[in-house]
Structures are given as C-alpha cells and as structure tokens.
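A.B. asks: Sharing a model prediction with you, sequence too.
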Amino acid sequence: MGRHHWKKIWVGSAGNMVEWFDWFVYASFATYFAGAFFPSGNPTAQLMNTAGIFAVGFFMRPVGGWLLGRVGDRKGRKAALTLTVTLMSASAVLIAVAPTYAVAGYGGALVLLVARLLQGLSVGGEYAASATYLTEASDPKRRGFASSFQYVSMTAGQIVGLGLQIVLQRTMSDDALHSYGWRIPFVVGALGAAVVFYLRRNMLETEVYEEDTSHAGERGTLRALWQHRREAFLVIALTMGGTVAYYTYTTYLTKYLSNSAGLSKETATLVSFTALIVFACLQPLAGALSDRIGRRPLLITFAVGSTFLTVPIMTLLRHVDGYWQALGLALLALVVVTGYTSINACVKAELFPTGVRALGVALPYAIANALFGGTAEYVALWFKKGGAESGFYWYVAACAAVSLVVYVTMRETKDLDLARVKAAQGAGDGSAESTVTTAS
C-alpha cells in the first residue's frame, strides 16, 4: 500500500482516536469533577447527576448520525469529517473551561450539558463519516484492511485516555486531581482535535463521491434511505451483537474485574490496558484476512464464538485471582470480537449506494449503538443489582445469536463495486444486481 493510501487512512481515522479519547475521559474522570459542578454533601447524587449528563450524549448520537450523515451525502465526506472534528474540539474546550458550582452555580453544569450534546452529535456522525471515507478512498482490494483502522483508532483513543489517567494518578495528588487536574485530559483532547481539523482541511474528497451522478436533491435524505430500508435494518441487526460484545469487553471489563472478580483497581486497569493494545494490533490482520477470504467468514466466526463462549468466559472471569488469568480470558474474548470490529465499517458502507451511504451507515448504526452498545453497562449492573449477574452473560450471547442469523443469510460484500451500487437508487426493493441484501 502506497504512501498516498496510508495518508488517507491516517486522516480518515485520526478523528476517531480523539473522539473516543474524549468519550472515555469524561466517564473515567467523572469521579474527580462531579463535585465541581453540583452542590457538595452527597457524592452519590453528584455522580448520578454527572452520569445523567453522560447519558444525554448517547441520546444525541442518532441525531448526530442523521445530521452528519446527511451532510456527508449532500456536501461530501470531507465536509462531514471537518464538521465532526469541529464539534469535537468545541465540546472538549467547553468542559476544560467550564466554571465550577462555587463560581457560577448551576451554570457550570449547563456548560457541561451543552458540551455533552455537542459530543454526542460528533460521535454520532464521526463513525459513519470516517467509515464511508475509509471504504471509498481505499484500494478496492484492500477495503477490509483500510477500514479496520476504524477500530484501531477507536481503541487507541481509549488506550491513550487510560494511559493519561494512570500517569495523572501517579504524578498528582488526589486533591490536585479533584481541584484542577481533571481539566488536563480535556485540554489534551481539544489540542488533538485541532490537529485533526488541520489535517482534514487539506484532505481530498473520495473519487467515488465526486463521480456519483445521483440526483442531488435525493442525496442524504430519509426518503432516499427508506428506499434502502432493508439494508438499514440489516445494519441494525448486524451491529446488535457486535456492539454489545465490544462494550462488554472494553469499557465494562475494568469495572467487572474490579467489582465482580474482586481484583484491585490497579490490576483490573492494567489488564484492560494490555488487552486493548493487543486488540488494536489484531484489527489490520483480520481486515487483511477478510480481503482474501471474504467478510462473512469473519462475521460468522465472531457470532458463533460470542454466542457459545460468552457465558463460559464471563463466568471464568468472575473467578480469576490474578493478572495473567484475567488477561488470557480477556484476550480470548477480544480475539472473538475482532471478527466483527475489524470489518464492520466496510461491510456497512458496502451495503449502500453513494448518494445515501453516509446516512445509511450513520443513522442505523447510531440507533443500534444507543440501544445495545450504550446500554450494555447499565444492563450488566441491572442484572448484578438484581442478584442474577449471569443473566447478563446470556443477554450478550443472545444478541450475538441474533446477529449470527443475519451473517449467515446475508450475501458477501468483498468484491462489490461501490460505484455500481448506485444502480439500486430509486428501485425501492433493493433488487439491483449489485445491491447487497439478505439472501432469499
């Protein structure tokens, strides 16, 4: 792969890293800044208020998926990617400079809320914009490899956020972190977003988009998406199992190892940190493999593994007594999940014609992510609170089983000519030869 393609991969995926860094540090540093924005006296109430503002971001993701998906299809992939990183930078700056309750009363909480609304919009559109760009801009024979960097960058954002948290915890006192140290990661996020903004201003539009001849008035509209509703529902179904598994073994894993398995927070954090590094390295390898053998074999392998191994893995993780046991099981789980994460971006993009591709990926994915991925941790804690924690294991397995049915019945998308998918526009029944739908 030439230098030109590597540059496209870097520019297309760099925003994801900053996006997920910001998303992660809000959740992980909430314990330090919750008291800054709400009245003192009840730490639990402070955390609940902060968590409520965090949840608002998930509700905004479908809105961001619709809005920025529309921009991507009507104004171009470059325009959407530039807008997402602008929103991203604004949200980080707002949190970094937000006044405390002592200075502005609930005004600080209002600034925090606005920042989360912007962040939700940005996250909702960034995934689809970068997935579409990476898929369209890459060599047709290397689309799986190129799009795998979607999750490399997402995971890298979590790794950097986790690493910064470890550094700050070891170099600053607890009082300093509560006082002003929690602002540092948001300053870092804003600076990172500014760098990505500069890179994206100079990026080139994809040839597939520039050569698209579909009617401009229909691009990026819900009406046009409705003509490809089978593909839209397909995206929701194939995302369901993957996003639940991904959130379970990444964002929730540290809490699970600490609260349920009884490992120290330091050990649980180290397990997640190490596992995520290995996981990120696996993505390009699996993506390249899909370019050789197809997307469906990897998706089916993930779904079968997740359906039948989730309950045993989670049960064993609950009873681990050290770092190496926990790391081994976490890596086994993430190897299985790689079958989905490494190629899901290109599979979704390959389903839609150019004129509705960004919206077709963005809106269904954001809905599925909000319903299943974003709620994974809450569902897990709900089962735990109800004294039936193993019920969550079966829930994850069931979601994977639903996606397995979709993977088995869908057609292969590896050799699809993205430019030819436009022949399906206006057909309404997805019957064009180059359109990928579920098999009859």
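C.D. replies: Happy to help now that I have it.

A.B. asks: Just confirm Ala366 contacts Gly64, I think it does.
C.D. replies: Yes - under the criterion of Cβ atoms under 8 Å, Ala366 makes contact with Gly64 at 6.7 Å. No exception for glycine: its C-beta is placed from N, CA and C like everyone else's.

A.B. asks: which residues do these two both contact?
C.D. replies: Common contact partners of Ala366 and Gly64 (Cβ atoms under 8 Å, 6 or more residues apart in numbering): Gly124.

A.B. asks: of these two, who's got more company?
C.D. replies: For Ala366 versus Gly64, neighbours defined as other Cβ atoms under 10 Å are more numerous around Ala366 (31 against 27).

A.B. asks: Span of stretch 190-209 from start to end?
C.D. replies: End-to-end distance of stretch 190-209 (Cα to Cα, to the nearest Å): 30 Å.

A.B. asks: What residues sit buried inside that stretch?
C.D. replies: Buried residues in stretch 190-209, counted by 16 or more other Cβ atoms under 10 Å: Ala190, Gly192, Ala193, Ala194, Val196, Phe197, Leu199, Arg200, Met203, Thr206, Val208, Tyr209.

A.B. asks: repeat for stretch 160-178
C.D. replies: Val160, Gly161, Leu162, Leu164, Gln165, Leu168, Gln169, Met172, Leu177, His178.

A.B. asks: Need the max-distance pair from these.
C.D. replies: For these, the maximum inter-member distance is 22.2 Å, found between Val160 and His178 (Cβ to Cβ).

A.B. asks: measure stretch 167-180 end to end?
C.D. replies: 15 Å.

A.B. asks: Show me the contact partners of that stretch.
C.D. replies: Residues from elsewhere that reach stretch 167-180 (Cβ under 8 Å, 6+ apart): Tyr32, Phe33, Gly35, Ala36, Gly181, Ile184, Pro185.

A.B. asks: The fifth one and Phe273: what is the separation?
C.D. replies: Separation of Gly181 from Phe273 (Cβ to Cβ, to the nearest Å) stands at 20 Å.

A.B. asks: what's the helix or strand hosting Ala326 packed up against?
C.D. replies: In this structure, Ala326 is located in helix 323-341 according to DSSP states H and E. Applying 3 or more Cβ pairs under 8 Å, 6 or more residues apart in numbering; DSSP states H and E, one finds that helix 323-341 contacts helix 229-249, helix 265-293, helix 295-318.

A.B. asks: Include mean pLDDT, distance to Ser138 and mean neighbour count when you put those helices into a markdown table, please.
C.D. replies: As requested, those are exported to a markdown table (pLDDT from 0 to 100; distance: least, Cβ to Cβ, whole Å; neighbours: other Cβ atoms under 10 Å):
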| stretch | mean pLDDT | distance to Ser138 | mean neighbour count |
| --- | --- | --- | --- |
| helix 229-249 | 91 | 20 | 24 |
| helix 265-293 | 92 | 10 | 19 |
| helix 295-318 | 95 | 14 | 20 |
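
A.B. asks: that older thread, other residues contacting the helix or strand just after the helix holding Ala326?
C.D. replies: Proceeding N to C from helix 323-341, the next assigned helix or strand is helix 344-349, under DSSP H and E. Contact partners of helix 344-349, identified using Cβ under 8 Å, 6+ apart, comprise 127, 130-132, 134-136, 143-144, 146-148, 150-151, 235, 238-239, 242, 287, 295, 299, 357, 360-361, 364-365, 413, 418.

A.B. asks: of all the buried residues of stretch 190-209, which two lie farthest apart?
C.D. replies: Farthest pair in the buried residues of stretch 190-209 (Cβ to Cβ) is Ala190 and Val208. Separation: 32.4 Å.

A.B. asks: C-alpha coordinates for stretch 345-357, CSV please?
C.D. replies: The C-alpha trace of stretch 345-357 is given here as CSV (Å, rounded to 0.1, in the frame of the first residue of the first chain):
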residue,chain,number,x,y,z
ALA,A,345,-17.2,-0.4,9.0
CYS,A,346,-16.6,-1.5,5.4
VAL,A,347,-19.4,-4.1,5.4
LYS,A,348,-21.9,-1.4,6.3
ALA,A,349,-20.6,1.1,3.8
GLU,A,350,-20.7,-1.6,1.1
LEU,A,351,-24.4,-2.1,1.6
PHE,A,352,-25.5,1.4,0.3
PRO,A,353,-25.3,3.5,-2.9
THR,A,354,-23.0,6.5,-2.8
GLY,A,355,-25.8,9.1,-2.5
VAL,A,356,-27.1,7.7,0.8
ARG,A,357,-24.0,5.8,2.0
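
A.B. asks: Quick check: mean pLDDT of that stretch?
C.D. replies: In this model, stretch 345-357 carries a mean pLDDT of 88.

A.B. asks: pLDDT weak spots in the protein?
C.D. replies: 1-5, 40-55, 213-216, 419-440 (pLDDT under 70).

A.B. asks: Excluding chain neighbours, what is closest to Gly374?
C.D. replies: Phe58 (4.0 Å; Cβ to Cβ, 6 or more residues apart in numbering).

A.B. asks: so which helix or strand takes in the one you found?
C.D. replies: Assigned by DSSP H and E, Phe58 falls in helix 43-74.

A.B. asks: which ones are touching Thr274?
C.D. replies: So Thr274 contacts Leu327 (Cβ under 8 Å, 6+ apart).

A.B. asks: sorry, that was for Met203
C.D. replies: Lys8, Val11, Gly12, Lys78, Leu81.

A.B. asks: if we go to 6 Å?
C.D. replies: Residues counted as contacts of Met203 (Cβ atoms under 6 Å, 6 or more residues apart in numbering) are Val11, Lys78.

A.B. asks: Please confirm that it is located within a strand.
C.D. replies: No - per DSSP: H, G, I helix; E, B strand; the rest coil, Met203 lies outside any strand segment and is coil.

A.B. asks: what about it, distance to Tyr393?
C.D. replies: 43 Å.

A.B. asks: can you check Thr307 too?
C.D. replies: The value you get for Thr307 to Tyr393, if Cβ to Cβ is used, is 11 Å.

A.B. asks: now do Arg201
C.D. replies: 46 Å.

A.B. asks: ok, now Leu331?
C.D. replies: With distances taken as Cβ to Cβ, Leu331 is found 18 Å from Tyr393.

A.B. asks: neighbours around the closest residue to Tyr395 other than its chain neighbours, how many?
C.D. replies: Counting by Cβ to Cβ, 6+ apart, Val379 is the residue found nearest to Tyr395 once chain neighbours are left out, at 6.2 Å. Neighbourhood size, Val379 [other Cβ under 10 Å]: 19.

A.B. asks: mind listing what's buried in the host helix or strand of Val379?
C.D. replies: Using DSSP H and E, Val379 falls within helix 376-385. Applying a neighbour-count criterion of 16+ other Cβ under 10 Å, one finds Ala376, Glu377, Val379, Ala380, Leu381, Phe383, Lys384 buried in helix 376-385.
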